[in-house]
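J.: Coordinates only, no sequence provided:
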């Protein structure tokens, strides 16, 4: 069973809506630019739904049907469109120069398995943006992971779940991302493994430049803290 299908019922317990993310998105665009937004890798749709009150039209995509079903059942807004679509399919589902803002949060881009595909995704995003449009995305700072041989991310735990996250760099240069989700009410344990491509900051910046983004800013948090090589989050604000 797909990793995200296994955790879909508990996704909002693991990753609750983050008000700081909302503030970051809104701070990156003027009022006149808050027309059309695309959320890539929307999960259960919490962020897209929250931002729908600020944008005239919101499109949100994911490849997991269970996540999308939760999102559709949660939202009553008529101007949100949830679609089953992958990162590399966005040029087929949406028109060029149609969005003011494209988001891709939650360490989503490293699910693409190589640098070539990530570069291609950046180019497709650039074509979807209106002139001056913003591409906002977040991932783990893999410079920190690789340079310090980190073997995992901090465990997420609350009254309902415990989510353990372990990293192992394999012989193919990919990270085996192994997770254990414990449901406290039943003591059920769900174990999964996903392969991630640990792209470095310099590779990201080169790929963005080659894709045609003119202004590229890197932060260590959604609060726009200056980039710190020792931080775990890596957040980008890019302009077409």
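T.: Looks like it arrived, so ask away. Just so it is clear, the model here is predicted, and its values are computed rather than measured.
J.: helices or strands up against the helix or strand of the chain with the lowest mean pLDDT?
T.: Least confident helix or strand of the chain, by mean pLDDT, DSSP states H and E, is helix 3-7 with a mean of 86. Judged by 3 or more CB pairs under 8 Å, 6 or more residues apart in numbering; DSSP states H and E, the packing partners of helix 3-7 are helix 65-74, strand 175-183, strand 188-196. For glycine as for every other residue, the C-beta is placed from the backbone atoms N, C-alpha and C.
J.: do you know which of those lies nearest residue 157?
T.: For residue 157, the closest of those is strand 175-183, at 8.7 Å, according to CB to CB.
J.: what angle do the closest one and strand 188-196 make?
T.: Per axes from the mean of the first three to the mean of the last three CA atoms, to 10 degrees, the angle that strand 175-183 makes with strand 188-196 is 160 degrees.
J.: in this structure, what residue sits furthest out from the centroid?
T.: Seen from the C-alpha centroid of the chain, the residue lying at the greatest distance (CA atoms, centre = their mean) is residue 186, 29.7 Å away.
J.: A helix includes that one, no?
T.: No. Applying DSSP: H, G, I helix; E, B strand; the rest coil, one finds residue 186 to be coil, outside a helix.
J.: Partner strands of the lengthiest strand in the chain, with direction?
T.: Looking across the chain with DSSP state E, the single longest strand is strand 129-140. Here strand 129-140 has these sheet partners by DSSP bridges: strand 99-104 (parallel), strand 233-239 (antiparallel).
J.: so which of these comes closest to residue 204?
T.: Closest approach to residue 204 among the strands paired with strand 129-140 is made by strand 233-239 (7.0 Å; CB to CB).
J.: which stretch among the helices and strands packed on helix 3-7 comes nearest residue 125?
T.: strand 188-196 (19.4 Å).
J.: per the record, what domains does this structure have?
T.: Following automatic domain parsing, one gets these domains for the chain: 3-140+198-239, 144-196.
J.: Without its sequence neighbours, what residue ends up closest to the residue positioned nearest the centre of the chain?
T.: Compute the mean C-alpha point of the chain, and by CA atoms, centre = their mean the closest residue is residue 105, 2.3 Å away. Of all residues not flanking residue 105 in the chain, residue 138 sits nearest, at 4.6 Å (CB to CB, 6 or more residues apart in numbering).
J.: Quick one: residues contacting the one you found.
T.: Neighbouring residues of residue 138 by CB atoms under 8 Å, 6 or more residues apart in numbering: 104, 105, 106, 107, 222, 233, 234, 235, 236.
J.: List buried residues within these.
T.: Burial by neighbour count, 16 or more other CB atoms under 10 Å: within the contacts of residue 138 this picks out 104, 105, 106, 107, 222, 233, 234, 235, 236.
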